[in-house]
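Enquirer: need coordinates for the following:
(chains A and B)
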Amino acid sequence: MQSAPKEGVAGQHNMEELRKLQPRYRGLEAGHRACQGCGEALAARLVTEAAGPDVILTNATGCLEVFTTPWPQSAWRLPWIHSLFENSAAVASGVEAALKAQGRSTKVIAQGGDGGTFDIGFQALSGMLERQHNILYVCYDNEAYMNTGIQRSGSTPHAAMTTTSPPGKERMGKRHMKKDLLSIIAAHHIPYAASASVAYPADIRRKVRRAVSIEGPTFLLIHSPCPLGWGIESDVSIEVARLAVQTGLFPVIELERGELTGVMPIRNPRPVTDYLKLQNRFKHLFTDDPRARKEREHVQALADHNIEIYQLRGEGVDALDTDGADTVRRGGVVD
Amino acid sequence: MLHALEGSQAIAQAVALCRPAVVAAYPITPQTHIVENISKLVADGKLKCEFVSVESEFSAASVVLGSAATGARSYTASSSQGILLMAEVLFDIAGMRLPMVLTCANRAISAPINIWNDHQDAMTVRDSGWIQLYCADNQEAIDTTIQAFRISERTELPVMVCVDGFVLTHTLEVVDMPTAEEVDSYLPPFTFKNKLDPKHPLSLGTLVGPEYYTEARYSLHRALEKALPEIESADADWAKICGRASGGLLTVDGPESATIGVLAMGSVVSTLTEANEILPGKKRVKLMKLRAFRPFPAEALRQACAGLKELIVLERAFSPGCGGILGTEVRAALAGMAKPPAVRNFAVGLGGRDIPLGTLSKLLDAAKAQGNQGFSILDVEPERLPPEDR
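Expert: Below is the predicted model of the structure:
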């Protein structure tokens, strides 16, 4: 629910102008079967809301497909097609080619989870970007194969526990690093790519609007907690998502033609343990095991590295920094 | 008008006459010439369509899935490993009831790798829910391609037009290329009622649980069965325009009195037809050209087999550890006859092994030796293998 901003309080806009700036179009209706606190459901709602009604959606196999379309019901108010796990980008390429042939200007948004994007659908995504299709690809990143029961993916962060990267005598969770997908996307030199987090809805809306206004391939990676998969209560989803950004573990950045052009600054970086200790998937990092401390340090080093290479440390008051965003006009348009 | 054209060139021109809006493809021998020719027609402005040159056959099939769902007439082509890589998408296209046409330039399957012709690729996706039509020569390839779009769009089923790799795709033949007016009068513009459209949003490819899945699969099965008369009428109606029929579901050639029949699909039928003509008169067989493999025309086959004592099924693929695929299906279809002919089953010409005119005589001799449930590979030479593998 959005509280109606009063004139003057919300800035220089009156209600009418604000509505015009932010059409409350709902592409994904309530009543679907997502779990409580599902980051992906919220992110998909925000994406479709911001993109508006003249959109065709493609969807990879995964939670989003399953919880929105149990036949004969559907939660989508937009034309929506699901084909397979690994071809959301290729199906979207076909939809876009058909629209081009028909002279229609409808925007195409391809959707997938991290499994369908980082791993099995990666080739189709790369092909779509290389061919310069006019498509926004959105990856809802919950960092594992949640639909099949929490198996590790190329996006699962280092040291996280999943059912296929369990901690044990010989292991401390996932041995490998989270794939740096945005750098690979950047190497395609597409007009616009960005990361975002469900903890910052205004930022998601702004990025979606920007992406759909660009002719050509664009990419958005949205960090979306999975309460079941991460081992968190459903009411702390947003808090955990925000901590991922505030620790530097999930940098929120923008890239144009492969060059870094924007970051969400962090005023006061939080220690990674604030983020890790809230989640059962990292609980083995808080035992007496001497390897646990080493792994915590390792994760802190990864966050510090992100803060350094993306120059995330910000100063002053910025409506879009990690603290400022909490108090930003909700749903407002900043640029 | 008559033209001397390579098969691939002829198929590409036939596709262009059908005015596809989206063509997506990935190169693989021996299909490549088809899409090369189409891309040249696009580059020269002779065909107005979106040509999407993708990064794999998997994506080629996925692109045409997306474009057909958006209401665009769509076409792709592949062969062999490409068909296998597409397999997951092919099942999905049929299950979603998306009309489109795919040319399968039939080629053998790895391992061992082999680029030459047999039917193992198309046979492997026989259960995908696609209509499969086999062409005996390049004129049939042209006419069947044009008919395939009509059949596909009327039945809302995808159609695979099977042409033998190299034997047809790379062979120069004199063919009669229809005019644009002829094709336009036969094939109306594509309209698809279930297309993706923001004004009438539909959800396609939804999750279907046990309470509806059986019905969805049943409806696909029924749609294939109901396609049988569509295939026949598509051929008959096209024949009214251009004067040529391609053989409906199944055609029978040879003396009425013959008691031995030979059934085959694809270009080998042309070879067998010629071989049949030079057999001594009383030995001539009834030659059956099976054009529609899916849907399988069991009733038409039973009618064609009336009076036969023996039917030899010659095929270009098999199921290892079981035997012939076509032969098994023919046996099953004929089991319902009052006096079914004895069925002999042979594979021949695997991986491009030559099928000379003498094959027919050799086949008739070998059939005498084979039992009613048997299967053999006619042209295998076991002595080339180490003794333990024979």
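Enquirer: which ones are touching the residue of the stretch 151-300 of chain A found nearest chain B?
Expert: Proximity of the stretch 151-300 of chain A to chain B (C-beta to the nearest C-beta) peaks at A:H188, 12.3 Å away. No exception for glycine: its C-beta is placed from N, CA and C like everyone else's. Residues near A:H188 by C-beta atoms under 8 Å, 6 or more residues apart in numbering or on different chains: A:S126, A:L129, A:E130, A:P217, A:G258.
Enquirer: at 7 Å instead, please
Expert: The contact partners of A:H188, taken as C-beta atoms under 7 Å, 6 or more residues apart in numbering or on different chains, are A:S126, A:L129, A:E130.
Enquirer: quickly find the element holding it.
Expert: Under DSSP states H and E, no helix or strand contains A:H188.
Enquirer: so what pLDDT did it get?
Expert: Here the pLDDT value assigned to A:H188 is 98.
Enquirer: how about the one 10 residues further on?
Expert: According to the per-residue confidence, A:V198 scores 97 in pLDDT.
Enquirer: that one and A:L221 touch, don't they?
Expert: No. With contact defined as C-beta atoms under 7 Å, A:V198 does not count as touching A:L221 (11.8 Å).
Enquirer: could you check which residue of the stretch 51-200 of chain B lies nearest chain A?
Expert: B:G66 (2.6 Å).
Enquirer: was I right about that residue contacting A:V91?
Expert: Yes. Between B:G66 and A:V91 a contact is recorded at 3.8 Å, counting by C-beta under 7 Å.
Enquirer: who touches both of the two?
Expert: Common neighbours of B:G66 and A:V91 (C-beta under 7 Å, 6+ apart) are A:T58, A:I81.
Enquirer: contacts (any at all) between chain B and stretch A:111-130?
Expert: Yes. Residues of stretch A:111-130 contacting chain B under C-beta under 7 Å from any C-beta of the partner chain: A:Q123, A:A124, A:G127.
Enquirer: got the residues of chain A near chain B?
Expert: With C-beta under 7 Å from any C-beta as the criterion, chain A meets chain B at residues A:53-56, A:58, A:65-66, A:69-71, A:74, A:76-84, A:87, A:90-95, A:97-102, A:106, A:123-124, A:127, A:131.
Enquirer: mind checking the SS state of the spatially most central residue of chain A?
Expert: Centroid-nearest residue in chain A, with C-alpha atoms, centre = their mean: A:I222, separated by 0.7 Å. Following DSSP: H, G, I helix; E, B strand; the rest coil, the label given to A:I222 is strand.
Enquirer: so what pairs up with it in the strands?
Expert: According to DSSP bridges, the partner residues bridging A:I222 are A:Y140, A:A196.
Enquirer: what sits closest to B:A367 if chain neighbours are left out?
Expert: Of all residues beyond its chain neighbours, the one nearest B:A367 is B:R344 (4.2 Å), with distances taken as C-beta to C-beta, 6 or more residues apart in numbering or on different chains.
Enquirer: I figured the one you found hits B:Q370, correct?
Expert: Yes. Under the criterion of C-beta under 7 Å, B:R344 makes contact with B:Q370 at 4.8 Å.
Enquirer: measure B:W116 to B:T273 for me?
Expert: 22 Å (C-beta to C-beta, to the nearest Å).
Enquirer: next one: B:A223
Expert: In this view, B:A223 and B:T273 are 33 Å apart by C-beta to C-beta.
Enquirer: please apply the same query to B:L357.
Expert: 10 Å.
Enquirer: of the two, which one has the most company?
Expert: B:T273 (17 against 14; other C-beta atoms under 10 Å in any protein chain shown).
Enquirer: pretty sure that one sits in a helix.
Expert: Yes. According to three-state DSSP, B:T273 belongs to a helix.
Enquirer: which ones are touching it?
Expert: B:D253, B:L287.
Enquirer: how about a cut-off of 10 Å?
Expert: Applying C-beta atoms under 10 Å, 6 or more residues apart in numbering or on different chains to B:T273 gives the contacts B:A136, B:D137, B:D253, B:G254, B:A264, B:L287, B:K289, B:L360.
Enquirer: mind giving me the ChimeraX command for buried ones among these?
Expert: The ChimeraX selection below is limited to those of those classed as buried (16 or more other C-beta atoms under 10 Å in any protein chain shown):
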select /B:136,137,253,254,264,287,289,360
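Enquirer: so which of the contacts of B:T273 belong to helices?
Expert: B:L360 (DSSP state H).
Enquirer: and which of the contacts of B:T273 is nearest B:L308?
Expert: B:G254 (10.9 Å; C-beta to C-beta).
Enquirer: can you map out the helices along the stretch 151-300 of chain B?
Expert: Per DSSP state H, counting those that start in this stretch, the stretch 151-300 of chain B carries helices over the ranges B:180-186, B:210-242, B:268-277, B:298-304.
Enquirer: tabulate these (a markdown table), appending mean pLDDT.
Expert: Below are the helices of the stretch 151-300 of chain B laid out as a markdown table (pLDDT from 0 to 100):
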| stretch | mean pLDDT |
| --- | --- |
| helix B:180-186 | 98 |
| helix B:210-242 | 98 |
| helix B:268-277 | 96 |
| helix B:298-304 | 97 |
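Enquirer: most tightly packed of the ones you listed?
Expert: helix B:268-277 (a mean of 20; mean count of other C-beta atoms under 10 Å in any protein chain shown).
Enquirer: the nearest residue to A:V299 once chain neighbours are set aside and A:G113, how far apart?
Expert: The shortest distance from A:V299 to any non-neighbouring residue, by C-beta to C-beta, 6+ apart, is to A:V272 (4.9 Å). Distance, A:V272 to A:G113, using C-beta to C-beta: 24 Å.
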